[in-house]
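[1] sharing a model prediction with you, sequence too.
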Amino acid sequence: MLRLALICLLVLAWTTPALAEEVDNHSIETTTTDPSIDDEVGLTTTDLHLRPHQGWTIAGQLILAPAYFMAYITVHEGSHALAALILGCEIVGFEPYPHTVEYRNAEGEIVSDFIMGYTWYNRPASEPWMAAHISIAPYLTDILIFVNCDLLLQYVVDPHSDGAPFLLAGGMITPLVNFVAGLNCMGDNCDLTNFSTVTGVPRGVIMIVGYALAFTALWRCLHQFRRIFLEPRAVRDRRREQENRGRAISISPLGGDELIGVGVSGVF
């Protein structure tokens with residue numbers, strides 16, 4: 001419970017500055033009507049539109065989604081393996097890819113299940129806390145990757161750069177999907193079920209804390225999506241006005257007393 005409380009405090013510390021910034025931007029937005037407001041403030045408006053060519057970028061990221069999730073299986077199982085190695089365990093099986101596995105259940109029957117990947121290890125001692133740490137390791141990795149990518153997008157990486165969509169899709173949305181998938185896994189061999197059994201923390205408490213973190217993460221994903229892909233109407237109209245400025249076509253008659261032809265000239 002103490003570790004769960006510490007995780008909640010870390011998330012609160014991470015989201016409070018961003019929430020304050022969001023409120024401050026909203027207050028600025030409601031007191032100004034100047035269309036020359038900067039993009040960061042403009043992005044808090046509700047009248048938003050896709051930036052030029054961003055539809056293709058989103059389509060590309062959707063095409064890459066299976067690759068993100070397949071690669072992230074290695075991150076998930078690798079977190080189990082790394083935690084086990086740090087705690088002095090021996091890794092006897094590491095298969096970070098979807099496949100069918102056969103095993104003997106509690107009744108002694110051999111059953112087969114389709115799994116996304118697994119890590120088997122031999123525990124040198126029977127301390128419950130070791131199994132608890134190994135079970136929850138991938139979800140701590142999810143939080144670590146998510147928070148770091150969010151901070152990079154917020155304070156370091158230009159949201160209009162080519163790398164920003166990859167940080168959002170691969171570094172924020174993919175860990176969030178992995179986190180929620182683990183949270184909703186209710187089987188006997190699921191990570192958080194094992195964590196609950198070993199530590200005695202009720203599954204309901206884990207679900208409440210997990211969903212609080214997940215909804216906070218979803219809000220941050222939407223915030224970064226808005227900064228990367230959308231722009232307010234005022235910014236869009238100003239950009240189009242600047243693009244069209246100086247473009248003109250002139251049509252004039254040519255000749256003396258009689259019309260000889262028509263001249264066409266343009267400036268682009």
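    Great, that's in hand. Numbering: from 1, shown residues only.

[2] hey, let's count contacts and neighbours off CA atoms from now on
    Noted.

[3] all strands for the stretch 101-250 of the chain, in order.
    110-115, 118-122, 230-232, 248-255 (DSSP state E, counting those that start in this stretch).

[4] by mean pLDDT, show me the worst of those strands.
    Lowest mean pLDDT within the strands of the stretch 101-250 of the chain: strand 248-255, at a mean of 65.

[5] doesn't residue 116 make contact with residue 94?
    No. Contact criterion CA atoms under 8 Å: residue 94 and residue 116 do not qualify, at 11.7 Å.

[6] using the three-state scheme, assign residue 84.
    Three-state call for residue 84 (DSSP: H, G, I helix; E, B strand; the rest coil): helix.

[7] need the nearest residue in space to it, chain neighbours excluded.
    residue 134 (5.9 Å; CA to CA, 6 or more residues apart in numbering).

[8] neighbours around that neighbour, how many?
    22 (other CA atoms under 10 Å).

[9] now the one 10 residues further on
    Applying other CA under 10 Å, we find 13 residues neighbouring residue 144.

[10] hang on, the earlier thing: and the residue nearest to residue 84, what pLDDT?
    Confidence score, pLDDT, at residue 134: 90.

[11] ditto for residue 11
    46.

[12] do the same with the one 10 residues further on
    According to the per-residue confidence, residue 21 scores 47 in pLDDT.

[13] cool, residue 213 as well?
    pLDDT, residue 213: 96.

[14] and it, how many neighbours does it have?
    Neighbour count for residue 213, taken as other CA under 10 Å: 19.

[15] next, find the distance separating residue 232 from residue 49.
    To residue 49, residue 232 is 6 Å away according to CA to CA, to the nearest Å.

[16] what does residue 152 give?
    From residue 152 to residue 49 the distance is 24 Å (CA to CA).

[17] residue 181 now?
    Distance from residue 181 to residue 49, by CA to CA: 31 Å.

[18] equivalent analysis for residue 129, please.
    50 Å.

[19] looking at the two, which one has more neighbours?
    Higher neighbour count among residue 129 and residue 49: residue 49, with 15 against 12, using other CA under 10 Å.

[20] Three-state assignment for the more buried one, please.
    Secondary structure state of residue 49, per three-state DSSP, is strand.

[21] just to revisit the earlier point, these two touch, right, the residue nearest to residue 84 and residue 86?
    No. In this structure residue 134 lies outside contact range of residue 86 using CA under 8 Å: 9.6 Å.

[22] neighbours of residue 50, how many?
    Neighbour tally, residue 50, other CA under 10 Å: 15.

[23] hmm, I was thinking of residue 221
    Residues near residue 221, counting by other CA under 10 Å, number 19.

[24] which residues touch it?
    168, 172, 173 (CA atoms under 8 Å, 6 or more residues apart in numbering).

[25] from residue 196, how far out is the spatially closest residue to the second one that is not a sequence neighbour?
    Beyond its immediate neighbours in the sequence, the residue positioned closest to residue 172 (CA to CA, 6+ apart) is residue 146, lying 4.8 Å away. Computed as CA to CA, the residue 146 to residue 196 distance reads 24 Å.

[26] what of residue 166?
    Distance, residue 166 to residue 196, by CA to CA: 34 Å.

[27] and the closest residue to residue 98 other than its chain neighbours, what's its pLDDT?
    In space, residue 98 comes closest to residue 116 once its chain neighbours are excluded; the distance is 3.9 Å by CA to CA, 6+ apart. At residue 116, the predicted lDDT confidence score is 81.
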